[in-house]
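1. build me a model from this:
(2 chains)
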Amino acid sequence: MSNGNQGQSTTPHRKLVRKLVLLAVGMFGFGFAMWPLYGVFCDLTGLGGRGVKVVENAGLLEKSDRKVKIRFDATVNSGLPWVFQAKEKSATVSLGEMNEAIYLAMNPNENAMAGQAIYNVTPPEASLYFVKTECFCFTQQILQGNESREMPVYYFIQPDLPERIKEITLSYTFFRSENADAVALSTGVNSIPDTTLDGIQK
Amino acid sequence: MSIASTPDMTHSTDQAGDHAHNHDDHHDHKPSGILNRWLFTTNHKDIGTLYLAFSLLMFFIGGAMAMVIRAELFMPGLQLVEPEFFNQMTTMHALIMVFGAVMPAWVGFANWMIPMMIGAPDMALPRLNNWSFWILPFAFTMLLSTLFMDSGGPAAGWTLYPPLSLQGGQSFAFVVFAVHMMGISSIMGSINIIATILNMRAPGMVLLRMPLFVWTWLITAFLLIAVMPVLAGAVTMLLTDHFFGTSFFNAAGGGDPVMFQHIFWFFGHPEVYIMILPAFGVVSEIIPTFARKPLFGYSAMVYATASIAFLSFIVWAHHMFTVGMPLTGELFFMYATMLIAVPTGVKVFNWVSTMWKGSMTFETPMLFAIGFVVLFTIGGLSGLMLAIASVDLQYHDTYFVVAHFHYVLVPGSVFALMAGTYYWLPKWTGHMYSEKWGKIHFWLSAISVNILFFPQHYLGLAGMPRRIPDYSTQFADFNMISSIGGFLFGSSQLIFLGVIIHCVYKSRQKASGQAWEGARGLEWILSSPPPYHSFNTPPVIDSSTLAHVDEAH
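-> A predicted model of the protein is given here:
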C-alpha cells in the first residue's frame, strides 16, 4: 500500500476504509454505551426494581380501599452460605398504607459474614409505585457465627397503581460482600452503612 | 477509476516500479515455495482457498464434538462423558461451527468469487486480506487449547451468559481473546469486501446488475461491521467482570446480568443473518443456472435482503421472552420478528417462481439448492412459532429451539455452502467432480439431516431441555433416532471430503470455462481454472454474459 505506484488505486479505498473503521470503532463504543442506556431504560420502565423510591418520611398517606397482594421472595446467592426466607409468603395490603414485611436471615457457620441484599419487583411497572422507607438492603448486613436475625422492610404502594396490577412480587437475593467480611470479623457491629453501592439501586 | 492500471499485489510487493511487463506474461506466475505461496499470499484466490480449507477443518472438528454430544444422548443416563465435559462440547461445538466453519467459509466464497463476479483483479486491500485470514488459525488454536487447561473449555453455552460464564476458571481469558481475534478478522474481511464491491467493479457493472451473491455479501459485510464490535465489547465486559472486579453484569455490585443478554443478542440476532444471507445469494445464483431462466424478481431479492438486514437489528429480545420484560416489549419484539417472515417469504416465492416452467436439471448443486429452499423453509416456520411470545414460554431453551436453529443452519447455511462448493468446484479446479458421488452425498445428507433434527421438534414440544447430558426416559426413543441420524449425517460428510479431494487431485474430466450450460456471470467467461491473476484489464460487459442486466426489473 505504501508503494507510490499504487497511489491511484488506493486513494478511493482509503476514504471508504476510514469511514468503515470509524463505524466499527463507534459500534464498539455503542456496546459500552448500552450500560448507561440500559440504566435509563430501566429507570423509565421500572425494570430490575429500578423504579422503587426510597423516602425518609412517608408523610401523610392517602389511604385507598383498593387492595393488592404482595408476595415475598427470598434467595441466597451460592457464594453466601446463609439461610434466608420471608416470614410470611404473602400479604394483602391496602394502597397508601404503611406496611412491614419481615425477612429472616441465619448464618449457620462458625465465623461472621457480611451480605448485601439486592431487590427486584415484578411486574416491573409496579416498581414505579413501590416506596420504601426502611430496608435491610440499604446497608450491608453482618451475621456473627450461628446468629439469626429478623430483617424488616417498611414500604407502601402508591394509590395511583394501575388497575390491571393485582399482584406484586418483592424479591430479595443476598450476595456475599467479600470486602465487608473483614470488618465483620474485627468489629462485631451488625451492619455497615454501604458507601460502595450508593446510587446504584437506592 | 483506474482498475486497468492496478498492478497485482503479489508482484508489486517485490517488484515495485518494475511491473511494466506484468500485464502480459504473468498470468500463471504463482509464487514458489509454500511460505511465499500460502503464508505471504495476497492473491484473492489463494486466500479464498485457505479460508475454505480452514473452515472445512473446523467443520470436521466441530462435527466431531457434535458426535460426542449425540453419542452421550443416544441413551438416557450418563455413559460416555462427564457432564462438565458435555457442557464444554455443546459450547465449543457452537463456537467452532459459527465462528470457525460457517463464517470463514462464506468469507472464503467471497474471496474467491466477488472479484471474479464484478470483474476486479483482486480484493481492494490484499495485504489486509492475508492478515484477516492468518489471524484465524491463532484464534482457534487459543480457543481449542482451553480444552486442555485445568479449568477446561467454556461450558456456559455459546451465548456466554453471566453469571454462569463468570464462574469458569482462568481459561476464560483465552476464550475472550479468541473471540476478539475472530471479531477483528471478520471486521477486516468485511471492510475489504465492501471496499472491493463499492470501488472495484468493472465499468458497466452498476449496483443493480451485480450478481445476488455480491449483493448479499455487501449487506452481510455491513452487518458484520455493525455487530462484531458489539460482541467484542460484551466479552470485554465479561473479561473485566471476571478478572478485574468490575460489576457490569454482577448483581451484587449493582450490575445486571440481563443487560448482557441484551448486548449479546443485539450482536447475536444479526449474526444469524450474517450466516444465512450469503446462503440466499448462492442459492439465487444456482437456481437460475439449472432452471435455465433468469432469477425471478431480482430487485425484490435485493430489497428483501436489505429489509431482513434492517429488521435483524430490532428483534433481538425475542431470544429473551422468558427473562422478564414489560408486556409492550414482548409485543413489539414478537410483531417485529414476525415481520421478517415477509421478506423471507418473498425470497422463497421468487426461488420457486424461478424454477416454475424452467428447463430444470438436477445436478448436485441444484439438488442442494432445492434441499435448501425446502428445509430452510421448515426452519423458518418453526422460527415463526418461536416468535409467538406467549407460547415461547413453553419452547424456550428446549430441543424445539435446537431443532429450529439447526434446520436453518445445517440444511440452511451448510447446504448452501455445499451447493456453492459443487457449483464452483469446476471453476476453481478446472475439473468436474464426481456427479455420482455428489448425488450420493446429497441424498445421504438430506435424509439423515431430517432423521437427525426432525425428532428434536417433538422432544422440545414434550419439554426436553437443551444443554443437558442426561434426560428422563420418555425422551429415549426420539433421542436414539436423532443420534442415528447424527452419525449418518456425520459420516456422510466424509463423502464430501472425498469428492473434493478427488476433484482437486484425481479428476480427469476437464471443465469448460462456462462449466454449466445455463451459467451466466463474469466468472464463467474466464477459463476453468481461472488464471492466477484475472481481469487485470476490466472485462467488457455485454448483456449476454451477465445473469441480470435489466436494472429496472
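
2. C-alpha from now on. contacts and neighbour counts both.
-> Noted.

3. leaving out sequence neighbours, find the closest residue to residue 109.
-> In the absence of a named chain, this looks at chain A. A:Gly145 (5.2 Å; C-alpha to C-alpha, 6 or more residues apart in numbering or on different chains).

4. chain B is the one I meant
-> B:Gly48 (6.4 Å).

5. what's the neighbour count on the one you found?
-> 24 (other C-alpha atoms under 10 Å in any protein chain shown).

6. and it, how far from B:Met334?
-> 39 Å (C-alpha to C-alpha, to the nearest Å).

7. can you spell out which helices and strands pack onto whichever helix in chain A runs longest?
-> Longest among the helix segments of chain A by residue count, using DSSP state H, is helix A:7-45. Secondary-structure packing of helix A:7-45 (3 or more C-alpha pairs under 8 Å, 6 or more residues apart in numbering or on different chains; DSSP states H and E): helix B:172-199, helix B:212-243, helix B:257-291.

8. 7 Å instead, please
-> helix B:172-199, helix B:212-243 (3 or more C-alpha pairs under 7 Å, 6 or more residues apart in numbering or on different chains; DSSP states H and E).

9. so how many other residues sit close to A:Pro36?
-> A:Pro36, neighbours per other C-alpha under 10 Å, totals 10.

10. for the chain, give me the ranges with low pLDDT.
-> By default, I'm working from chain A. Chain A contains residues with pLDDT under 70 at A:1-10, A:58, A:60, A:179-202.

11. actually chain B
-> Using pLDDT under 70, the flagged stretches of chain B are B:1-28, B:551-553.

12. mind running it again at 80?
-> Judged by pLDDT under 80, chain B has its weakly predicted residues at B:1-29, B:543-544, B:549-553.

13. pick out the residue closest to the middle of it.
-> Closest to where the C-alpha atoms of chain B average out (C-alpha atoms, centre = their mean) is B:Val102, at 3.3 Å.

14. surely that one is within a strand?
-> No: counting by DSSP: H, G, I helix; E, B strand; the rest coil, B:Val102 is located in no strand; its state is helix.

15. residue contacts, it?
-> Contact analysis of B:Val102 by C-alpha atoms under 7 Å, 6 or more residues apart in numbering or on different chains lists B:Ser55, B:Met275.

16. rerun that using 6 Å as the cut-off
-> Neighbour list for B:Val102: empty [criterion: C-alpha atoms under 6 Å, 6 or more residues apart in numbering or on different chains].

17. and for A:Pro108?
-> Taking C-alpha under 6 Å, 6+ apart as the contact definition, A:Pro108 lies against A:Asn146.

18. phi, psi of it?
-> Backbone geometry at A:Pro108, expressed as degrees, to the nearest 10, gives phi -80, psi 10.

19. ok, A:Lys63 touching A:Asn99?
-> No: between A:Lys63 and A:Asn99 there is no contact under C-alpha atoms under 6 Å: 12.0 Å.

20. which residue is the nearest non-sequential neighbour of the residue in the stretch 451-553 of chain B positioned nearest to chain A?
-> Here the residue of the stretch 451-553 of chain B nearest chain A is B:Asn536; by C-alpha to the nearest C-alpha that distance is 12.8 Å. Residue nearest to B:Asn536 in three dimensions, not counting chain neighbours: B:Pro121, with 4.9 Å by C-alpha to C-alpha, 6+ apart.

21. how near is the one you found to B:Leu526?
-> With C-alpha to C-alpha as the criterion, B:Pro121 and B:Leu526 are 12 Å apart.

22. count the residues that sit near the closest residue to B:Pro294 other than its chain neighbours.
-> Excluding its sequence neighbours, the residue lying closest to B:Pro294 (C-alpha to C-alpha, 6+ apart) is B:Pro288, at 5.4 Å. Residues near B:Pro288, counting by other C-alpha under 10 Å, number 24.

23. pull up the residues of chain A that are close to chain B.
-> A:Ala24, A:Met27, A:Phe28, A:Gly31, A:Phe175, A:Ile200 (C-alpha under 6 Å from any C-alpha of the partner chain).

24. tell me how many other residues surround the first one.
-> A total of 24 residues lie near A:Ala24 under the criterion other C-alpha under 10 Å.

25. wait, what's in contact with it?
-> Applying C-alpha under 6 Å, 6+ apart, the residues near A:Ala24 are B:Ile225.

26. one more time with 8 Å, if that's ok
-> A:Ala24 sits next to B:Ile187, B:Ile225, B:Ala226, B:Pro229 when contact means C-alpha atoms under 8 Å, 6 or more residues apart in numbering or on different chains.

27. now name the helix or strand holding the closest residue to B:Thr196 other than its chain neighbours.
-> Leaving aside its chain neighbours, B:Thr196 sits nearest to B:Ala124 (4.7 Å; criterion: C-alpha to C-alpha, 6+ apart). Per DSSP states H and E: B:Ala124 is located in neither a helix nor a strand.
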